[in-house]
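Asker: Return a 3D structure for these sequence lines:
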Amino acid sequence: MMRLFLDTDILLDVLLEREEHFEASAAVLDWAEAHPGKCAVSWHGLANIHYLSKDGAWGFIEELTDFCVVPGAGTPELKRALQLGFSDLEDAMQTATALLFGAQVIVTRNLSDYRLSPIKAARPADITLQL
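Answerer: Model (predicted):
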């Protein structure tokens, strides 16, 4: 069964109910909930969600961690992120965390952010066709 890493934008689409992206991103989260442990999110991504939400997203984050893995990234993963050659450190950190988890796909709306990723990136609507 496929192992997915969920970029922060996917989580924000659902949390903030971004009309244009909500349906496809919610379908990915529905799949994740039905397949506990097969999706991962980053520790720092959850902090970003908390920061960007109006209420801190406590309940959303707690529910998400019932079925998504939060890999314990640290110094080795940060060093790996720094060596990936990304212009955006946060995307490199997401990729390093996805590598730690053993993800086969990074689910994101921003494919160009992951063009240097050793893991394939796919949009939510495209990945749900493969699940």
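
Asker: Contact partners for the nearest residue to V28 once chain neighbours are set aside?
Answerer: Here the nearest residue to V28 in space, its sequence neighbours aside, is P124; by CB to CB, 6 or more residues apart in numbering that works out to 4.8 Å. Just so you know, the C-beta spots here come from the backbone N, C-alpha and C atoms, and that holds for glycine as well. P124 makes contacts with I10, D13, H21, A24, S25, A27, V28, V107, R109, as judged by CB atoms under 8 Å, 6 or more residues apart in numbering.

Asker: Show residues contacting the lengthiest helix in the chain.
Answerer: Among the elements of the chain assigned as helix by DSSP state H, the one spanning the most residues is helix 19-34. If you take CB under 8 Å, 6+ apart as the criterion, helix 19-34 is touched by 4, 6, 9-11, 13-14, 18, 38-39, 64, 66-68, 107, 109, 123-125, 127-128, 131.

Asker: and after it, which helix or strand comes next?
Answerer: Proceeding N to C from helix 19-34, the next assigned helix or strand is strand 39-40, under DSSP states H and E.

Asker: Touching, L12 and R18? I think so.
Answerer: Yes - here L12 reaches R18: they are 7.1 Å apart, a contact under CB atoms under 8 Å.

Asker: of the two, who's got more company?
Answerer: Relative neighbour count places L12 above the other of L12 and R18, with 20 against 14, counting by other CB atoms under 10 Å.

Asker: tell me which element the more buried one falls in.
Answerer: Using DSSP H and E, the element containing L12 is helix 8-15.

Asker: Okay, angle between that helix and helix 19-34 too, please.
Answerer: Relative orientation of helix 8-15 with respect to helix 19-34: 100 degrees, computed using axes from the mean of the first three to the mean of the last three CA atoms, to 10 degrees.

Asker: what is the mean pLDDT for helix 8-15?
Answerer: Rounded to a whole number, the mean pLDDT of helix 8-15 is 95.

Asker: Next: stretch 66-76.
Answerer: Mean predicted confidence for stretch 66-76 is 95.

Asker: in it, what's buried?
Answerer: In terms of neighbour count (16 or more other CB atoms under 10 Å), stretch 66-76 has its buried residues at F67, C68, V69, V70, P71, A73.
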